[in-house]
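**Q** Give me a 3D structure for the following:
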Amino acid sequence: MTLGQRIIQLRKAADLSQAQLAKKLGISQPALANYERDARDPPAAVLQGLCTACNANPMWLLVGIGNMHLQDMGEQFAKSVATAWAYLSENPEGVDPSKLVKLSNALFQYYMEHGSMSESFKASLLEAVA
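**A** Sure, this is the predicted structure:
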């Protein structure tokens, strides 16, 4: 998928017309149309504006990696800690705080980069890091 196609997908996900998004970005509608057709490369200020206006993940916008939208970091970190705690609490000796920190950080980093993970990958990561 090209940058222009990702801009279209982002605009449609925000339920905005080209004119509405262009106005939010402070650019003309024809300029936005050129970016969407890959006729021109948007400047950094426009890319930053797209990320801000549409809560877009910059990595997804630029190269298509990860989720389209940014995840709430607090929510993702809480999910990471809860997953790590649940896994480590299966140990009859209790939860080792250093392992909790290490595992929570690994899960958080993966969630922030990829947005989600399969149960099988989660199990593999939990075993490898813990």
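**Q** now for the lengthiest helix in the chain, which elements pack on it?
**A** When the chain is scanned for its longest helix (criterion: DSSP state H), the result is helix 97-114. Counting by 3 or more Cβ pairs under 8 Å, 6 or more residues apart in numbering; DSSP states H and E, the packing neighbours recorded for helix 97-114 are helix 73-88, helix 119-129. (Each C-beta comes from the backbone N, C-alpha and C, glycine too.)
**Q** cutoff 6 Å now
**A** In this structure, helix 97-114 packs against helix 73-88, with contacts taken as 3 or more Cβ pairs under 6 Å, 6 or more residues apart in numbering; DSSP states H and E.
**Q** Check the offset of the helix it packs on from the chain's centre.
**A** Helix 73-88 sits 17 Å away from the centroid of its parent chain (Cα atoms, centre = their mean, to the nearest Å).
**Q** Next, the angle from that helix to helix 97-114.
**A** 130 degrees (axes from the mean of the first three to the mean of the last three Cα atoms, to 10 degrees).
**Q** what's next to the longest helix of the chain, contact-wise?
**A** Identification of contacts with helix 97-114 by Cβ atoms under 6 Å, 6 or more residues apart in numbering yields 66, 76-77, 80-81, 83-84, 88, 117, 129-130.
**Q** By neighbours, which of these wins?
**A** residue 84 (24 neighbours; other Cβ atoms under 10 Å).
**Q** What's the separation between it and residue 26?
**A** 43 Å (Cβ to Cβ, to the nearest Å).
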